[in-house]
Structures are given as C-alpha cells and as structure tokens.
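**Q** My questions concern the predicted model and sequence given below.
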Amino acid sequence: MAEFLNTHLGLYAGTLIFIVGKILLFVIPVALSMAFLTLIERRVIGAMQLRIGPNVIGPFGLLQPFADAVKLLFKETVIPTGASPVVFFLAPMVTFSLALLGWAVMPVSAGWYISNLNVGVLYLFAISSLGVYGIVMAGWASNSRYAFLGAMRSAAQMVSYEVSIGFIMISVLLSAGSLNLTKVVEAQQGLWYFIPHFPMFIVFFISILAETNRHPFDLPEAESELVAGFMTEYSSMSFALFFLGEYINMIAMSGLATTLFLGGWLPPVNIAPFTWIPGVIWFALKVALCLFVFIWVRATLPRYRYDQLMRLGWKVFLPLSLVWLILTSGFLVYSGKLAH
C-alpha cells in the first residue's frame with residue numbers, strides 16, 4: 001500500500017510540476033512584456049510628440065518599469081471612508097487574474113500552449129465577459145460617484161463592443177471550421193484571414209480598443225470628467241493591479257487578433273528565409289505590431305464623446321458585423337465549404 005501511494009504521489013507531483021512549469025513559461029514572458037510595454041509606450045508617444053520620454057533610470061531608461069514597481073509597492077494603501085474593504089481589495093485581483101487566464105488557450109506556436117481546448121474561443125468569450133465584474137466591483141466598493149460613473153461607463157462600453165467582436169469571431173470560425181484556436185491558425189496556411197475578412201479586421205481592431213478601454217475610447221477614465229474613473233480611489237499595489245491588468249489585456253487582445261487574422265505563428269510566405277525563424281518569434285512580432293498601433297492611436301487621436309462611442313458600437317459596428325456574418329455564411333454554403 002505504501003509503495004502504491006508513493007508511486008502515485010510521485011506521478012501527481014511530477015504532473016503538477018510540469019503544469020506549473022508550463023504556466024510559468026507563459027506568465028513570466030507576459031509579465032515582462034507588460035512591464036516593458038509601459039516603458040515602450042511612453043518612449044514611443046514621446047517620440048511622436050517630439051519629447052524625450054523616460055531615459056534616466058538605467059541605460060536608455062530600461063529600468064524605469066522596475067522603479068515604478070518599487071515606488072507603487074511602498075506607497076500607502078488608502079481605503080476610502082464608507083468603502084466596502086473586502087470587495088474593494090478583491091476588484092483589482094479579479095481584473096488582474098482574468099487578464100492572465102485568457103492566455104490559457106492562446107497558441108503562440110505549433111504545440112506551444114497551456115491547454116489546447118476544442119472550444120478555446122468559447123473559453124475566451126467567458127473570460128472576457130467576466131472581466132467587467134472587477135471594474136463594477138471597484139466602482140461600487142469605492143463609495144465614490146466618480147468611480148461608480150466610470151464603472152457604469154466601462155460596463156456598458158465593454159458589453160456593447162463584445163457583441164460586434166462576437167459576430168466577427170464567428171465569421172472567422174466559420175471560415176476555419178473549428179472553435180479550436182490552433183486549428184484556426186492552421187487553416188490560414190497560405191492565406192491569412194485579414195485578407196478575405198479585411199473590413200472586419202479593421203472593425204475588430206477598433207472594437208478591441210474599446211474593449212480594453214484604450215484611447216480614443218478611454219471614457220471610463222476620462223480625466224476631465226471622472227478624475228480617473230473606476231480607479232479614482234485606488235493607490236499603491238491595488239492601483240498597480242488594475243494598471244497591469246489593462247496592459248495584459250492589451251497584449252492578450254493583440255494575441256487574439258494575431259491568431260484570428262494574422263496567421264498566428266505562421267510566416268508571411270512559405271520560403272526558406274522565413275520558415276527558418278521560429279513560430280513564436282513570428283507570433284511575438286505580429287503582437288508587437290498590433291501593440292504599436294495601440295500606442296500610435298493613443299498618441300494621435302482625440303477622445304470620443306460617450307454618445308459617439310455608443311452610437312459607433314450599436315449603429316455602425318453591430319449591423320456591419322452581422323451583415324458580414326450573413327455574407328460569409330452564404331458564401332461558404334454556396335461554395336460547399338459549409339454544406340453540413
């Protein structure tokens with residue numbers, strides 16, 4: 001009996017170590033990418049607006065993210081009078097955790113994933129729809145009008161744009177014939193989906209800007225109206241978790257755009273110089289390109305009004321994505337690719 005238990009406990013321990021190692025292989029690069037994305041964003045925006053940007057701490061300012069982390073770590077955590085402490089502290093943890101959980105089904109190269117779910121897209125839908133809870137919890141628990149208004153704005157904005165994102169993703173999934181993200185990438189061998197679905201690629205990219213509360217759709221954090229929106233009453237590491245969750249969401253949404261439209265880890269053309277480069281490098285380069293556009297948009301465009309934001313989502317993007325879904329389905333049925 002003892003030998004049986006030792007054998008099985010050894011197997012379970014080995015499996016657990018393997019799973020934890022796999023998770024760390026994803027979490028650590030994502031966390032480092034998120035840290036340096038904050039630096040890259042400030043440097044790129046500085047260059048676009050003819051400013052220098054952070055360049056003092058470390059060579060070329062490369063240690064600035066670590067200095068920011070140390071500063072936030074030693075800041076005092078302030079709980080507003082009348083706030084609900086438990087929910088107040090849970091909200092940033094929920095937001096940060098859900099941002100990381102989206103990476104569980106993201107394939108970064110052939111065979112490189114934490115879990116290869118056959119319904120990976122449904123998993124991403126579930127995680128993205130839960131993301132609004134952390135923001136609503138923060139707005140309610142802060143006992144502040146500014147925070148509550150910011151949370152309500154964010155909830156309405158995320159729900160509005162999730163609808164059009166869903167229809168666009170269904171069009172891509174119909175083309176691929178699978179809900180498995182790995183198979184979606186493999187189906188783009190020879191033709192990335194951003195070419196046949198180019199109008200929806202543009203709509204999708206604008207929608208993920210709104211979904212992540214990024215400029216020009218950062219209405220939940222409109223400084224001139226709501227101070228800092230749902231994060232107004234947060235400080236120290238609780239504020240940092242919201243901040244980090246936003247940037248991890250940016251990377252995750254860029255990864256999703258890469259997977260659905262830009263061929264994932266596949267090279268642009270299937271010839272020797274390109275095929276020699278590992279798939280994970282191609283994936284990282286495409287994600288970096290999407291993130292550069294995120295930053296470029298922030299540096300150049302003015303903020304939308306809230307009524308313009310909602311009108312764009314419900315009266316423009318929703319009808320467009322629905323019509324495109326109907327056209328895609330009709331074409332696939334007519335061509336015999338969706339006969340069953």
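**A** Received the coordinates, thanks.

**Q** Residue ranges in the stretch 201-340 of the chain under the pLDDT threshold?
**A** By pLDDT under 70, the low-scoring segments of the stretch 201-340 of the chain are 220-228, 272, 336-340.

**Q** how about the helices of it, start to end?
**A** Taking DSSP state H, counting those that start in this stretch as the criterion, the stretch 201-340 of the chain carries its helices at 223-226, 236-261, 272-275, 279-300, 306-311, 318-334.

**Q** Of those helices, flag the one that's most buried.
**A** Per-stretch averages of neighbours, counted by mean count of other Cβ atoms under 10 Å, single out helix 236-261 among the helices of the stretch 201-340 of the chain, with a mean of 23. Using the backbone N, CA and C atoms, a C-beta is placed for each residue, glycine as well.

**Q** what angle do that one and helix 279-300 make?
**A** Computed by axes from the mean of the first three to the mean of the last three Cα atoms, to 10 degrees, the angle separating helix 236-261 from helix 279-300 equals 110 degrees.

**Q** Show me what helix 236-261 is packed against.
**A** Using 3 or more Cβ pairs under 8 Å, 6 or more residues apart in numbering; DSSP states H and E, the elements in contact with helix 236-261 are helix 2-48, helix 64-73, helix 85-101, helix 120-141, helix 145-176, helix 181-186, helix 198-211, helix 279-300.

**Q** I'd like the mean pLDDT over the third one, please.
**A** Yep, that's helix 85-101 we're talking about. Across helix 85-101, pLDDT averages out at 85.

**Q** Alpha carbons of it, in CSV - could you do that?
**A** Taking Å, rounded to 0.1, in the frame of the first residue of the first chain, the C-alpha atoms of helix 85-101 are listed here in CSV:
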residue,chain,number,x,y,z
PRO,A,85,-13.0,46.8,2.2
VAL,A,86,-13.4,43.2,1.0
VAL,A,87,-14.8,44.0,-2.4
PHE,A,88,-12.5,47.0,-2.7
PHE,A,89,-9.4,44.7,-2.5
LEU,A,90,-10.9,41.8,-4.5
ALA,A,91,-11.8,44.0,-7.5
PRO,A,92,-8.2,44.6,-8.8
MET,A,93,-7.3,40.9,-8.0
VAL,A,94,-10.3,39.8,-10.2
THR,A,95,-9.3,42.1,-13.0
PHE,A,96,-5.6,41.0,-13.0
SER,A,97,-6.4,37.3,-12.6
LEU,A,98,-8.9,37.3,-15.5
ALA,A,99,-6.4,39.1,-17.7
LEU,A,100,-3.9,36.3,-17.2
LEU,A,101,-6.4,33.5,-17.5
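
**Q** quick one: contacts for the nearest residue in space to residue 170 that is not next to it in sequence?
**A** Leaving aside its sequence neighbours, residue 170 sits nearest to residue 325 (Cβ to Cβ, 6 or more residues apart in numbering; 5.8 Å). Shown in contact with residue 325 (Cβ atoms under 8 Å, 6 or more residues apart in numbering): 167, 168, 170, 171, 174.

**Q** Okay, residue 268 and residue 117: tell me how far apart.
**A** The gap separating residue 268 from residue 117 is 28 Å, by Cβ to Cβ, to the nearest Å.

**Q** would you turn the contacts of residue 325 into CSV with neighbour count, distance to residue 251 and pLDDT?
**A** As requested, the contacts of residue 325 are exported to CSV (neighbours: other Cβ atoms under 10 Å; distance: Cβ to Cβ, whole Å; pLDDT from 0 to 100):
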residue, neighbour count, distance to residue 251, pLDDT
167, 23, 24, 91
168, 26, 20, 91
170, 18, 24, 90
171, 24, 24, 90
174, 17, 27, 89
